[in-house]
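**Q** Just a sequence and a predicted model for now, questions to come.
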Amino acid sequence: MIGTIRSAIGAGSADYVEVRVQESSASGVQYTGKELESIGRRAGLGGSVRAMVKGGWGFTSFNQVEELPRFVRAACDQARLAGRGFAGLAPVDPVKETVAAAPEVDPRRVTLEQKQELCERYNKIILSSPKIQTSNVVYRDSVVREYLVTSYGTELVQETCFAGAMVAAVAKDGSNVQQAYDSVGDLRGYQIVEGREEVCEAVARRAADLLSADPPEAGPYTVVIDPKLCGVFVHEAFGHLSAADAIHENQRLCKLMSIGRRFGPDTLNIYDHPRMPGEAGYYAYDAEGTAGGKTYLIRDGVLASRLHSRQTAAMMNEKPTGNARCLSYSFAPIVRMSNTCMEPREHSFEQLLDGVENGIYAVGSMGGQTDMEMFTFSAEEGYEIKNGKLGRKLRDVVLSGNVFHTLANIEMIGDDFRIYGGLGGCGKGEQAPLRVSDGGPSVRIKNVLVGGR
């Protein structure tokens with residue numbers, strides 16, 4: 001395949017040409033309530049060509065690999081029409097390498113019937129609880145082999161093997177409806193989805209218990225967020241702001257996200273790191289062939305860097321970070337996160353609670369939204385904190401605020417770091433869900449606005 005692509009690149013004329021070809025296979029199972037909603041396998045082969053001429057891009061995608069020279073010429077012709085100047089690409093060393101997937105248990109060696117039986121067993125556990133009205137159990141896997149050849153000399157083959165599962169329970173008592181879920185997914189192998197019977201029981205129990213929980217009184221609180229909510233906060237509220245394509249195109253954001261600006265205490269470090277083996281957001285090289293590495297976005301409380309493609313790095317006179325990614329061959333690469341985390345510190349969970357007279361412990365995430373620096377997140381569940389101790393369970397815990405003010409209000413960072421993947425992923429533009437992980441420790445933050453009664 002590499003030889004075929006290398007030969008085709010010469011069919012067109014441009015300042016830069018890259019060709020990406022993907023071979024993929026996938027399988028999936030989904031139960032909704034008592035019904036087996038979907039089950040099946042699929043395979044695919046396709047690719048794309050991206051060409052640059054004087055700063056203008058051309059892009060074509062295809063399924064007929066044998067006609068690759070024609071698609072190279074088409075992308076180059078598009079680029080010539082779009083070119084108006086020369087934006088340039090930040091230089092990177094060409095790569096000739098094969099990066100193989102190494103799952104402990106390859107999901108391709110597990111039959112579709114076995115996957116269906118696993119999901120059916122999990123689904124029955126959730127539905128066995130009398131307060132559970134319905135359930136959702138989803139299994140997905142995918143194996144991708146991607147070839148990348150560029151006119152700058154890169155010849156790269158990368159394989160990924162993802163497996164994951166999500167279980168959810170919905171409990172109902174009259175008009176009171178509550179839900180809980182759990183999701184896992186990474187590149188370590190099929191074994192990650194096995195042996196999760198106790199997780200299913202816990203999900204059903206959490207959903208049922210939330211029926212008798214009370215919402216908090218609305219107002220500002222000292223809040224302790226758990227590692228899962230910390231990861232979601234870091235990804236959604238800050239990671240998206242760190243994408244250089246968004247910064248470069250928005251003067252207000254460019255001013256807000258100026259390198260050297262202090263965002264939090266000296267103990268605050270936030271990073272993006274694609275080369276975390278086995279994690280959902282792992283890759284050795286991005287979609288442009290740039291080597292991935294650990295990029296500190298915030299270091300010692302100060303904005304240290306942002307996430308770049310080769311083009312945004314050239315535009316902003318900064319170094320590429322290896323964060324150009326695409327959902328599939330049908331899309332051109334854009335700046336995306338990989339594994340985005342807050343670093344842990346030395347404080348125990350008990351120390352985070354100590355001294356909090358009237359606060360809230362927010363656990364898990366049921367989603368949220370961001371608008372520039374403003375955010376709103378819903379925790380899966382919560383607990384009162386009274387005089388340094390956990391109290392009664394809470395539901396409908398919604399946190400909102402300004403991300404910069406919230407980072408500045410961090411009082412204490414815990415030592416209980418965890419990172420989460422899962423079946424969900426990152427959304428940007430039309431490219432969703434892209435596999436990522438996010439994580440961090442428990443964190444204590446003062447003066448967080450919590451919605452409730």
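**A** It's in. Numbers count the residues shown, from 1 in each chain.
**Q** quick one: contacts of the helix or strand bottoming out on mean pLDDT in the chain?
**A** Ranked by mean pLDDT, DSSP states H and E, the weakest helix or strand in the chain is strand 368-371, scoring a mean of 88. Strand 368-371 is contacted from outside by Val232, Glu236, Ala237, His240, Phe375, Thr376, Phe377, Ser378, Val403, using C-beta atoms under 8 Å, 6 or more residues apart in numbering. All C-beta atoms are positioned from the backbone trio N, CA, C, and that covers glycine.
**Q** Which of the three states applies to the residue in the chain sticking out farthest from the centre?
**A** Most distant from the centre of the chain: Ala11, at 36.7 Å, with distances by C-alpha atoms, centre = their mean. Classification of Ala11 using DSSP: H, G, I helix; E, B strand; the rest coil returns coil.
**Q** My guess is it contacts Ala74. True?
**A** No: when contacts are counted by C-beta atoms under 8 Å, Ala11 is not listed as touching Ala74 (9.8 Å).
**Q** Tell me the spacing between the nearest residue to Val302 once chain neighbours are set aside and Leu253.
**A** What sits nearest to Val302 in space, not counting adjacent residues and going by C-beta to C-beta, 6 or more residues apart in numbering, is Arg262, at 5.3 Å. For Arg262, the distance to Leu253 (C-beta to C-beta, to the nearest Å) stands at 17 Å.
**Q** The closest residue in space to Arg345 that isn't next to it in sequence bridge partners, please.
**A** Excluding its sequence neighbours, the residue lying closest to Arg345 (C-beta to C-beta, 6+ apart) is Ile413, at 3.9 Å. Beta-bridge partners recorded for Ile413 (DSSP bridges): Val443.
**Q** For the least confident helix or strand of the chain, which residues meet the burial criterion?
**A** Gly368, Thr370 (16 or more other C-beta atoms under 10 Å).
**Q** Following element in sequence after that strand, please.
**A** As assigned by DSSP states H and E, the chain's next helix or strand after strand 368-371 is strand 374-378.
**Q** List the buried residues for that following strand?
**A** Phe375, Thr376, Phe377, Ser378.
**Q** who does it pair up with?
**A** Strand 374-378 is paired, per DSSP bridges, with strand 368-371 (antiparallel), strand 398-402 (antiparallel).
**Q** Would you mind putting those into CSV with distance to Ile2 alongside?
**A** Below are the strands paired with strand 374-378 laid out as CSV (distance: least, C-beta to C-beta, whole Å):
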stretch, distance to Ile2
strand 368-371, 41
strand 398-402, 49
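**Q** how about the ones you listed, which one is nearest Val65?
**A** strand 368-371 (39.6 Å; C-beta to C-beta).
**Q** Burial check on Val17, number of neighbours?
**A** For Val17, the count of nearby residues is 25 (other C-beta atoms under 10 Å).
**Q** can you list the domains in this structure?
**A** According to automatic domain parsing, the chain comprises the domains 2-210, 219-451.
**Q** what's the most buried one of those domains?
**A** domain 219-451 (a mean of 20; mean count of other C-beta atoms under 10 Å).
**Q** What's the end-to-end length of that one?
**A** For domain 219-451, the separation between the terminal residues is 7 Å (C-alpha to C-alpha, to the nearest Å).
**Q** swap in stretch 408-421?
**A** In stretch 408-421, first residue to last residue: 27 Å (C-alpha to C-alpha).
**Q** Please tell me how far it is from the chain's geometric centre.
**A** Here stretch 408-421 is found 17 Å from its chain centre; the criterion is C-alpha atoms, centre = their mean, to the nearest Å.
**Q** avg pLDDT for it?
**A** For stretch 408-421, mean pLDDT is 98.
**Q** partners of Tyr139 in the sheet?
**A** Val29, Ala165.
**Q** wait, it sits on Ala165?
**A** Yes: in this structure Tyr139 lies within contact range of Ala165 using C-beta under 8 Å: 4.8 Å.
**Q** quick one: common contacting residues for these two?
**A** Overlap of the contact sets of Tyr139 and Ala165 (by C-beta under 8 Å, 6+ apart) consists of Leu118, Cys119, Val193.
**Q** Tabulate the residues you listed in a markdown table, adding columns for distance to Arg325, pLDDT and secondary structure.
**A** Compiled in a markdown table, the shared contacts of Tyr139 and Ala165 are given as follows (distance: C-beta to C-beta, whole Å; pLDDT from 0 to 100; DSSP: H, G, I helix; E, B strand; the rest coil):
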| residue | distance to Arg325 | pLDDT | secondary structure |
| --- | --- | --- | --- |
| Leu118 | 30 | 98 | helix |
| Cys119 | 29 | 98 | helix |
| Val193 | 24 | 98 | helix |
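**Q** Just the closest of those to Ala102, please.
**A** Ala102 has its nearest neighbour among the shared contacts of Tyr139 and Ala165 in Val193, at 17.6 Å by C-beta to C-beta.
**Q** Could you pull up the contacting residues of that closest one?
**A** Contact analysis of Val193 by C-beta under 8 Å, 6+ apart lists Leu118, Tyr139, Ala163, Gly164, Ala165, Val184.
**Q** quick one: it and Tyr139, what's the gap?
**A** Look at Val193 and Tyr139: by C-beta to C-beta, they are 6 Å apart.
**Q** what's the closest of the strands paired with strand 374-378 to Asp438?
**A** Nearest to Asp438 among these is strand 368-371 (13.0 Å), distances taken as C-beta to C-beta.
**Q** Take the contacts of Val193 and write them to TSV, including distance to Pro441.
**A** Shown next, in TSV, are the contacts of Val193 (distance: C-beta to C-beta, whole Å):
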residue	distance to Pro441
Leu118	32
Tyr139	30
Ala163	26
Gly164	23
Ala165	25
Val184	19
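**Q** Show me where the stretch 51-200 of the chain dips below the pLDDT cut-off.
**A** Scanning the stretch 51-200 of the chain for pLDDT under 70 picks out 86-87.
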